[in-house]
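>>> Structure here, sequence nowhere to be found:
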């Protein structure tokens, strides 16, 4: 009997050892695959042009911009068409890895496009826009929006991985990034890499953050430098700080050249000096740190609107909150989307367009500015 038990225990140990070895081998192969295929962008590289399929008003020469009229810019994190009011997200405490179907993604994107068309901004900064991702059913969202808006633009990746192995079922292939659409002539669109927040091997299937920089030549000389950004979200805080410092170095260098600078996007941090009493912190969920006001040199300013939240948490289906005032009041909201402008840019207005987060987990933020002669 003891001999039989001994053999049984030995067999179980062998099976467990083989299973552990197999798991280790699979993990090693996965890490090897991700290491070989890791997205490794250059520090500086050209962005990809985006042009609508059908002929539009943008087909000929584009109008140049100068200081004789206001400029309207809208920034919006559209959540890859997968984080509308009918979806939640596993990273925020929800259950969904991706939307229920392709139709849900297209519904969100067409709703977002209709709003963008109605707003009619001169420049659109769009974050989390997918090209070929499993989570958005491989919809080319830059093409869809370019066609819907009949505008040209530029696109660059900040997340490109052939297989993201988490959670279960896994995210799989992700190809996502930033897009800037405009009805004004621009001379150049360039991707500038930001510091990577994660170490190997975590970085292999993670984002590679960047700035998407469009340069608009002015007829009176100089350039408007428009910077589209999306800073780190799920790090411990050091990544966002390093990326914010790199951002400010870039912006101040451009201003020193005599250019006008507007940077906008999803900072994943809130802005100093805002009244956030209407959006109290909910215990146990992600909270946005406040940016250090001292990062701005004299004359620079933040531009954000605290009269409406620019982002909500994705830990539940927000469509249910829209029907329940108490649930809606106790949701976690943030003001993490906005702008930084140089001293020679005058802010006429900034406002969050409160769309009740119907098509994304962010609301669009609109700024109207004018360019003035720089005082030296």
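Perfect, I can see it now. Computed from a predicted structure; not experimentally measured.
>>> helix, strand or coil for the residue nearest to residue 204 when sequence neighbours are not counted?
Excluding the flanking residues, the one nearest residue 204 by CB to CB, 6 or more residues apart in numbering is residue 34, at 4.0 Å. C-beta here means a position set from N, CA and C on the backbone, and glycine is covered the same way. At residue 34, secondary structure determined by DSSP: H, G, I helix; E, B strand; the rest coil is helix.
>>> Just the pLDDT for residue 34.
If you check residue 34, the pLDDT there is 88.
>>> Kindly report the same for residue 236.
For residue 236, the model assigns a pLDDT of 77.
>>> what does residue 295 give?
96.
>>> thinking the residue nearest to residue 204 is in contact with residue 200, fair?
No - using CB atoms under 8 Å, residue 34 is not in contact with residue 200, being 9.8 Å away.
>>> Give me the more crowded residue out of the two.
Legend: neighbour count by other CB atoms under 10 Å for residue 34 and residue 200, higher for residue 34 (19 against 11).
>>> show me the contacts for the more buried one.
Shown in contact with residue 34 (CB atoms under 8 Å, 6 or more residues apart in numbering): 161, 162, 163, 201, 204, 205.
>>> hmm, back to that, measure the residue nearest to residue 204 to residue 232 for me?
20 Å (CB to CB, to the nearest Å).
>>> try residue 91
Distance of residue 91 to residue 232, computed by CB to CB: 13 Å.
>>> Can you tell me how far residue 339 is from residue 14?
Computed as CB to CB, the residue 339 to residue 14 distance reads 63 Å.
>>> which residues sit in contact with residue 263?
Residue 263 is in contact with 211, 226, 227, 229, 247, 251, 339, 340, 341, counting by CB under 8 Å, 6+ apart.
>>> Filter the residues you listed down to just the ones in strands.
By the criterion of DSSP state E, membership of those in strands covers 211, 226, 227, 229, 339, 340, 341.
>>> which one of these has the most neighbours?
Ranking the ones in strands among the contacts of residue 263 using other CB under 10 Å puts residue 229 first, with 28 neighbours.
>>> burial count for the nearest residue to that residue once chain neighbours are set aside?
Using CB to CB, 6+ apart and skipping the chain neighbours, the partner closest in space to residue 229 is residue 265 (3.9 Å). Other residues near residue 265 come to 26 when the count uses other CB under 10 Å.
>>> low-scoring stretches of the stretch 251-376 of the chain, by residue?
Within the stretch 251-376 of the chain, the segments meeting pLDDT under 70 span 373-376.
>>> show me where it has strands.
260-266, 301-303, 311-312, 333-334, 337-341, 345-352, 365-371 (DSSP state E, counting those that start in this stretch).
>>> CSV please, covering the contacts of residue 263 and showing distance to residue 50.
Listed next are the contacts of residue 263 as CSV, based on distance: CB to CB, whole Å:
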residue, distance to residue 50
211, 17
226, 15
227, 17
229, 18
247, 23
251, 24
339, 22
340, 25
341, 25
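>>> out of those residues, which one sits closest to residue 47?
Taking CB to CB as the measure, residue 47 sits nearest to residue 211 out of these, at 10.3 Å.
>>> tell me the contacts of the closest residue to that closest one other than its chain neighbours?
Leaving aside its sequence neighbours, residue 211 sits nearest to residue 192 (CB to CB, 6+ apart; 4.4 Å). The contact partners of residue 192, by CB under 8 Å, 6+ apart, come to 43, 44, 210, 211, 213, 250.
>>> who's in contact with the residue most central in space within the chain?
A centroid search over the chain (CA atoms, centre = their mean) returns residue 127, at 3.6 Å, as the residue closest to the centre. For residue 127, the contact set (CB under 8 Å, 6+ apart) comprises 75, 76, 77, 78, 178, 228, 229, 230, 265, 266.
>>> Let's see the pLDDT reported for it.
According to the prediction, residue 127 has pLDDT 98.
>>> quick one: the helices in the stretch 101-250 of the chain?
Assigned by DSSP state H, counting those that start in this stretch, the stretch 101-250 of the chain shows helices spanning 102-119, 141-149, 238-256.
>>> Looking at the ones you listed, which one is packed in the most?
Using mean count of other CB atoms under 10 Å, the stretch among the helices of the stretch 101-250 of the chain with the greatest mean number of neighbours is helix 141-149 (a mean of 21).
>>> name the helices or strands packed onto it?
strand 48-50, helix 102-119, strand 123-130, strand 152-164, strand 172-182 (3 or more CB pairs under 8 Å, 6 or more residues apart in numbering; DSSP states H and E).
>>> Pick out the most distant pair among the contacts of residue 127.
The largest separation in those, counting by CB to CB, is between 78 and 229 at 14.8 Å.
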